[in-house]
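Chemist: Below are the sequence and a predicted model for it; my questions follow.
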Amino acid sequence: MKRKVQRITDALEASLAGTEGVLAVVLGESADVDVSDPYFTIDLDAYVSGALPHIAKRSSLVPQVTAFETSPVSTIDRFLVEGLPVSVHYIRTEEVDRMLLRIAEKTWVFHEPGSHVLYRLERGEVLFSRDGWMEETRAALAHVPAEFWWQARLRAYALAERALVDLGAAAHRADDLFFLVSAARFLRGVASFLFAANRQFEPSDRLLNDRIAALPILPDGFLGRLDNFIRPAEPPITKQARREIAQHMIRSLMPLALEERD
């Protein structure tokens with residue numbers, strides 16, 4: 001990590017660590033890319049027990065905060081520090097504890113849209129931790145039951161199948177917008193399925209392309225079909241042809257979907 005990025009990260013971590021209720025601070029992977037990369041951001045998760053910090057506290061973590069904005073939906077603050085983009089996601093530890101309970105009770109997959117939150121918990125760089133909460137959480141994530149992956153795999157496959165039906169309908173109606181919406185849902189379902197089949201939590205959407213290619217378990221020829229689907233040839237292929245590619249992708253996943261649970 002470059003010196004300027006490290007200095008800013010250290011200052012933010014120290015401020016968050018001194019905030020009441022913060023049990024852990026985790027740095028995401030986006031801080032590891034070059035600062036000139038459009039994907040770069042100092043991406044921090046602050047895990048909070050109890051009430052979230054007041055917005056006045058959050059908007060003044062360090063003196064150099066500028067261009068502060070926050071989400072009214074998911075408690076993600078975004079701002080600049082010395083010209084570098086920063087995002088801080090405040091997550092209640094109670095919500096994470098409920099996720100882990102759902103995993104243990106074999107019901108999590110029916111409540112959550114994906115496993116990226118767990119990915120960040122598992123793989124992020126822990127900058128600060130107290131009271132043992134992070135250590136206990138990571139220990140739980142290291143022993144996710146096989147039933148969880150089996151359920152996640154089937155749910156993702158069902159989502160992809162439904163999106164494939166919508167792709168066909170949109171192609172028939174020449175509905176450009178619905179086709180794109182359905183294509184996005186299809187790709188999200190396929191990606192979720194592949195990570196579940198490999199017993200891995202899902203990375204951010206920005207990392208999907210590289211991480212899917214690196215998965216150890218993939219159907220033969222899958223990456224070529226995926227490339228053809230997301231980057232149609234010149235001249236552009238028809239919507240119906242893209243739907244047929246998607247159908248081949250789904251069929252190639254079927255043997256993994258039909259595998260019996262452990």
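Modeler: Here it is on my side, so go on.
Chemist: What's the separation between Ala246 and Pro235?
Modeler: 20 Å (C-beta to C-beta, to the nearest Å). (C-beta placed from N, C-alpha, C; glycine too.)
Chemist: Which one of those two is surrounded by more residues?
Modeler: Of the pair Ala246 and Pro235, Ala246 is the one with more neighbours under other C-beta atoms under 10 Å, namely 25 against 5.
Chemist: gap between the longest strand along the chain and the chain center?
Modeler: Using DSSP state E, we find that the single longest strand of the chain is strand 84-92. Taking C-alpha atoms, centre = their mean, to the nearest Å, one finds strand 84-92 lying 15 Å from the centre of the chain it belongs to.
Chemist: Just give the strands next to that strand in its sheet, each with its orientation.
Modeler: strand 42-48 (parallel), strand 76-81 (antiparallel) (DSSP bridges).
Chemist: excluding its backbone neighbours, what's nearest Ala257?
Modeler: Spatially, and ignoring its direct neighbours in sequence, Ala257 is nearest to Tyr157 (4.5 Å; C-beta to C-beta, 6 or more residues apart in numbering).
Chemist: Which strands or helices does the strand or helix carrying that neighbour pack on?
Modeler: Assigned by DSSP states H and E, Tyr157 belongs to helix 146-173. For helix 146-173, the packing partners by 3 or more C-beta pairs under 8 Å, 6 or more residues apart in numbering; DSSP states H and E come out as helix 176-197, helix 239-257.
Chemist: between those helices, which one is nearest to Leu52?
Modeler: Comparing those by their distance to Leu52 (C-beta to C-beta), the top pick is helix 176-197, with 28.3 Å.
Chemist: Give me the helices and strands touching that closest one, please.
Modeler: Here helix 176-197 touches helix 146-173, helix 208-213, helix 222-230, helix 239-257, going by 3+ C-beta pairs under 8 Å, 6+ apart.
Chemist: possible to save those as TSV with mean pLDDT and distance to Phe79?
Modeler: Converted to TSV, the helices and strands packed on helix 176-197 look like this (pLDDT from 0 to 100; distance: least, C-beta to C-beta, whole Å):
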stretch	mean pLDDT	distance to Phe79
helix 146-173	93	34
helix 208-213	93	26
helix 222-230	94	33
helix 239-257	94	40
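Chemist: do you know which of the ones you listed lies nearest Leu16?
Modeler: Using C-beta to C-beta, these put helix 208-213 closest to Leu16, at 27.7 Å.
Chemist: what does that closest one rub up against?
Modeler: Counting contacts by C-beta atoms under 8 Å, 6 or more residues apart in numbering, the residues outside helix 208-213 that touch it are Ala191, Leu194, Phe195, Pro203, Leu218, Leu223, Leu226.
Chemist: What is the nearest of these to Thr93?
Modeler: Using C-beta to C-beta, Pro203 is the member of the contacts of helix 208-213 that sits closest to Thr93, with 22.2 Å.
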